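Trainee: what's the 3D shape of this:
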Amino acid sequence: MEFGMLGPLLVQDGAGPRVVPAAKQRVLLAALLVRPGQLAPVEQLAEIVWDGRPPRSAAAALRNYVMRLRQALGAAGERIETRAGGYLIRVEPGELDVQRFTSLREQGVAALHRGALTQAAALLDEALGLWRGAALVDVPSDLLHREEADRLAEERLHAVESKLEAELRLGRPCVVAELRALTAAHPGRERFWAQLMTALYRDGRQSEALAVYQQVRRILAEEIGVEPGCELRDIHQRILCADPGLGDTDTDAFTDADAAAAAEPARFAAALVTPFQLPPDLADFTGRAAELATLRERLTTPARTVPFVAVLSGQPGVGKSALAGHVAHAVRAGFPDGILFADLHGTDRVPALPCSVLGSFLLALGVPMEALPAGLDARTALYRSVLAERRVLVVLDDARDSRQVRPLLPNDAASAALVTSRARLTDLAGAHPVELALPSAAEAVELFGRILGPARVAAEPAATAALTAACGRLPLALRICAARLGARTSWEIRHLTERLTDEHRLFDELRIGSLDVRAGFALSHDALDPAAARAFRLLSLPDEPVLGVDAAARLLETGPGRCEQLLEDLVDAHLLTSTAPGRYGYESLLRAFAREQSLLRDNEQDRARALGRALPVRLALVPSQRTGGWSPLLAAR
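Mentor: A predicted model of the protein is given here:
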């Protein structure tokens, strides 16, 4: 039997290849092959098969998919076993191409470290020959591609680097052409550039090797914001000095320096670069004077015994990322060893993996690719060693939870971290909370004027005040409106204000390019568990500005204890506000969004109509000019 994931999904027995035509069955098979012989729980498989959005009938549907998959695989189908709580696939040693690749790669790298270069090149070439294309190329699963295909692609590139290293040391021809293609395809991998410079120098093309260094230096500065790492700088210096040792080939063993590098990867920490990865600051940043003053003081205080960590939280679109970036730019001089930045994609279905982020941080700090450990714990340890006794600011944007953040925090008292999240991250020990409320009416007008221009705002003060109120004073909504008006110089502010007062098209107006209030709210809504999401929608239907726990429990048809837990979860997600213990309400745009989502769900429309009879609220569906379908309209009687 043979199973393959290094390319299109492959199952082959004595009768030949077995075709799995159904997309979800291919995803299921791939999810089982990722961890052969290990039980995959039903809940985990459902998340993968339906890409994070399994239906309520997922367990029954999975049973059906497993039955059909067994039929499609013939004899191989007997390898899929049903166990309590899930399924597994039995794979014998040598049957799965990923396992063969990993074994050959590890043997090849070990041979390279021993100096057995011919054996290393042969083993690594055999390992790379198992690849038939991109891993899992015909498996339609974002989750598997983010977590498995990307990991396998990274391991393949490591194998390519090691094979080329062996061939360079053996003095084999034709390496230059392959390295030019690899640097073009992977411009951020400094190891390929270093190998290309070495190959050109050994071929007697010193000027071309120096030109390559200038090329990669420009690419790294423009795309990543860092200078070349120590390996590239070292090779550049050796080429400038015409170092004869750089031109040597070695068919027997590593040099002493190479052996030391293999044994002590952490030695690279001695000559690190100074990264500055922040996105550009906003020229029109406005307000937040109190938060700015507090954060600047805490970040620049020299007498600290532990690193300062601040968590900036708030509702979607309130300006968390803008404040974090502005503060980081303002205190740049206080962190002479650099500023690291990562978008953690916490609101995406598949957030950034801490191990991958650590890899990018270590590379930005100058650690060569071959010195990167593979696992999370090892990378965390190296990261903390590299940052020891350094003043570095780490900015982590859009964190999902504390578990994602912890490995990325510096551990030296001279360093600090700014974290933004829609959740409060109350379990992140020692973190300083900064909750961002909506700006005041005056601050909202000031921000709108800074973006659009003071002349147009001064010409229509009443319309501006009405527009900022219609936007709920939400900075993202104000930025969208200013951008729309800036692109339509013939419009008066009152024209857009009138369009915003039409409730059933409100969110259609609050969208331009990649800026979209509805989409931002939807990310938070979709991340809720079903019970909390239902509560968020249904509690918006009454017109009372504030609801108590007992009234909310009646609306949700649940007990007060369970209801209060749901309400507090929504407060922690910044989708509700708590004006006093046991009292809850919505910001205006969040209420409008919750009502829209409720009325677009068939199973909640009857509930909404029943509420309409019992509460002072009018509910209706009206034609949508944008979609041709129906949109919700809800207004007080």
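Trainee: Point out where the stretch 351-500 of the chain drops to low pLDDT.
Mentor: 370, 374 (pLDDT under 70).
Trainee: Helices of that one, residue ranges please.
Mentor: Listed in chain order, the helices of the stretch 351-500 of the chain (DSSP state H, counting those that start in this stretch) span 354-364, 376-387, 402-405, 441-452, 454-459, 461-470, 475-487, 493-500.
Trainee: got the buried residues for the longest one?
Mentor: Applying a neighbour-count criterion of 16 or more other Cβ atoms under 10 Å, the buried positions in helix 475-487 are 475, 476, 477, 478, 479, 480, 481, 482, 484, 485. For the C-beta atoms, the positions are set from N, CA and C on the backbone; glycine is no exception.
Trainee: can you check the second one too?
Mentor: Counting neighbours by 16+ other Cβ under 10 Å, one finds that the buried residues in helix 376-387 are 379, 380, 382, 383, 386, 387.
Trainee: Verify the stated contact: the third one with residue 363.
Mentor: When you say that, I think you mean residue 382. No: the criterion here is Cβ atoms under 8 Å, and residue 382 misses it with residue 363 at 11.5 Å.
Trainee: Quick check: neighbours shared by these two?
Mentor: residue 372 (Cβ atoms under 8 Å, 6 or more residues apart in numbering).
Trainee: Pull up the gap between the residue lying closest to residue 221 once chain neighbours are set aside and residue 187, please.
Mentor: Sequence neighbours aside, residue 227 is the residue nearest to residue 221 in space, at 7.1 Å (criterion: Cβ to Cβ, 6 or more residues apart in numbering). According to Cβ to Cβ, to the nearest Å, residue 227 and residue 187 sit 15 Å apart.
Trainee: And for residue 47?
Mentor: 34 Å.
Trainee: circling back: can you tell me which of the buried residues of helix 376-387 is closest to residue 181?
Mentor: When those are compared for distance to residue 181 (Cβ to Cβ), residue 379 wins out at 28.7 Å.
Trainee: Show the contacting residues for the residue nearest to that closest one when sequence neighbours are not counted.
Mentor: In this structure, residue 379 finds its nearest non-sequential neighbour in residue 358, 4.1 Å apart by Cβ to Cβ, 6+ apart. Contact analysis of residue 358 by Cβ under 8 Å, 6+ apart lists 376, 379, 380, 383, 407, 408.
Trainee: so the third one makes contact with residue 407?
Mentor: Yes: the pair residue 380 and residue 407 passes the contact test of Cβ under 8 Å, sitting 4.6 Å apart.
Trainee: shared neighbours of those two, anything?
Mentor: 354, 358.
Trainee: Show me where the stretch 151-300 of the chain has its strands.
Mentor: Using DSSP state E, counting those that start in this stretch, no strands are found in the stretch 151-300 of the chain.
Trainee: Now do the helices in it.
Mentor: 175-185, 190-202, 206-223, 230-240, 256-263, 289-300.
Trainee: Dump those helices into TSV; add distance to residue 163, mean neighbour count and mean pLDDT as well.
Mentor: Listed next are these as TSV, based on distance: least, Cβ to Cβ, whole Å; neighbours: other Cβ atoms under 10 Å; pLDDT from 0 to 100:
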stretch	distance to residue 163	mean neighbour count	mean pLDDT
helix 175-185	10	16	91
helix 190-202	10	24	92
helix 206-223	20	15	90
helix 230-240	18	18	85
helix 256-263	16	12	39
helix 289-300	46	15	91
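Trainee: packing partners for the helix or strand residue 594 falls within?
Mentor: Assigned by DSSP states H and E, residue 594 belongs to helix 588-599. If contacts are counted by 3 or more Cβ pairs under 8 Å, 6 or more residues apart in numbering; DSSP states H and E, helix 588-599 sits against helix 506-509, helix 517-526, helix 530-538, helix 602-614, strand 630-635.
Trainee: The second one: which residues count as buried?
Mentor: If I follow you right, that is helix 517-526. Buried-residue list, helix 517-526, by 16+ other Cβ under 10 Å: 517, 518, 520, 521, 522, 524, 525.
Trainee: elements contacting that helix?
Mentor: helix 475-487, strand 511-512, helix 530-538, helix 588-599.
Trainee: Using a markdown table, lay out those together with distance to residue 36.
Mentor: Shown next, in a markdown table, are the helices and strands packed on helix 517-526 (distance: least, Cβ to Cβ, whole Å):
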| stretch | distance to residue 36 |
| --- | --- |
| helix 475-487 | 46 |
| strand 511-512 | 46 |
| helix 530-538 | 33 |
| helix 588-599 | 41 |
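Trainee: picking up where we left off before, now the helices of the stretch 151-300 of the chain in a markdown table, with distance to residue 14?
Mentor: Compiled in a markdown table, these are given as follows (distance: least, Cβ to Cβ, whole Å):
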| stretch | distance to residue 14 |
| --- | --- |
| helix 175-185 | 37 |
| helix 190-202 | 41 |
| helix 206-223 | 50 |
| helix 230-240 | 49 |
| helix 256-263 | 43 |
| helix 289-300 | 66 |
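Trainee: Return the per-residue confidence for the residue lying closest to residue 316 once chain neighbours are set aside.
Mentor: Distances taken as Cβ to Cβ, 6+ apart place residue 520 nearest to residue 316, at 4.1 Å, with adjacent residues excluded. Predicted confidence (pLDDT) for residue 520: 89.
Trainee: And residue 520, how far from residue 139?
Mentor: 30 Å.
Trainee: before we move on, what about residue 403?
Mentor: For residue 403, the distance to residue 139 - Cβ to Cβ - is 27 Å.
Trainee: neighbour count winner among these two?
Mentor: More neighbours surround residue 139 than the other of residue 403 and residue 139, with 23 against 12 (other Cβ atoms under 10 Å).
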